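Participant: When you get a sec, could you give me coordinates for this:
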Amino acid sequence: MEESELINEMISYYSKDPKRINHFLKVYAYAQTIAKLENVDDETLKIIEVASILHDIGIKESEKKYGDAKGRHQEELGPDLAKNLLIKFDYDSDVIKRVVYLVGNHHSYNKIEGIDFQILVEADFLVNLYEENSRKSTVCNVESNIFKTNTGKRFLKELFL
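Facilitator: Model (predicted):
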């Protein structure tokens, strides 16, 4: 399965919402780049790529149901949406299982385990820190408490510090 087809689907899903489209595309680019520079294996790379494309899929439903895009609501509503889409696109069951887990936990930083989870969170932070115009103190806090990969740390420093 080519991830370009999944990206195409997500652009349609977020039709007329360039903020969401640009967000997931930037997270995808950072996640893919970090993963490749950290030399992850091909299966892990696929999981990272797919999870980064779908990580915020729960936002639309969260906004409809709760009137917000809070992380806990995304984690509640995103997994089923991601699973259904991945089944539609005939992804391997192991990829589906892991991506659904990542989508359902990508705001639960105390649960980070595995290089795929770590890279997804780092890529999402790189984009969110910029989009939210975060203070240097926030960036420093994230650097010391969240970032673990050498590439992610370097990108964070080169972007913000």
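Participant: From now on I want contacts and neighbour counts done on CA atoms only, so please keep to that.
Facilitator: OK.
Participant: Counting residues, what is the longest helix that this structure contains?
Facilitator: Identified as the longest helix of the chain according to DSSP state H is helix 18-37.
Participant: right, and the helix or strand after that helix?
Facilitator: helix 42-54 (DSSP states H and E).
Participant: Report the backbone C-alpha coordinates of the following helix or strand past that next one in PDB.
Facilitator: Next in sequence after helix 42-54, counting helices and strands by DSSP H and E, comes helix 59-66. What follows is helix 59-66, C-alpha atoms only, in PDB (Å, rounded to 0.1, in the frame of the first residue of the first chain):
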ATOM      1  CA  ILE A  59     -10.400  15.700  15.700                       C
ATOM      2  CA  LYS A  60     -13.400  16.100  13.400                       C
ATOM      3  CA  GLU A  61     -15.500  13.700  15.400                       C
ATOM      4  CA  SER A  62     -14.300  15.300  18.700                       C
ATOM      5  CA  GLU A  63     -15.300  18.700  17.500                       C
ATOM      6  CA  LYS A  64     -18.800  17.400  16.500                       C
ATOM      7  CA  LYS A  65     -19.300  15.400  19.700                       C
ATOM      8  CA  TYR A  66     -17.600  17.500  22.300                       C
END
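Participant: picking up where we left off before, now the angle from the longest helix of the chain to helix 59-66?
Facilitator: For helix 18-37 against helix 59-66, the angle by axes from the mean of the first three to the mean of the last three Cα atoms, to 10 degrees is 130 degrees.
Participant: For helix 18-37, give the mean pLDDT please.
Facilitator: Helix 18-37 shows a mean pLDDT of 98.
Participant: Return the set of buried residues in that helix.
Facilitator: 20-21, 23-28, 30-35 (16 or more other Cα atoms under 10 Å).
Participant: any residues touching the helix or strand where His73 lies, and which ones?
Facilitator: His73 is part of helix 71-88, with elements assigned from DSSP H and E. Helix 71-88 has contacts (Cα atoms under 8 Å, 6 or more residues apart in numbering) with 54-59, 61-62, 66, 96-97, 99-101, 103-107.
Participant: packing partners for the particular helix or strand that has Ser12 in it?
Facilitator: Secondary structure assignment for Ser12, by DSSP H and E: helix 3-13. Packing partners of helix 3-13 (3 or more Cα pairs under 8 Å, 6 or more residues apart in numbering; DSSP states H and E): helix 42-54.
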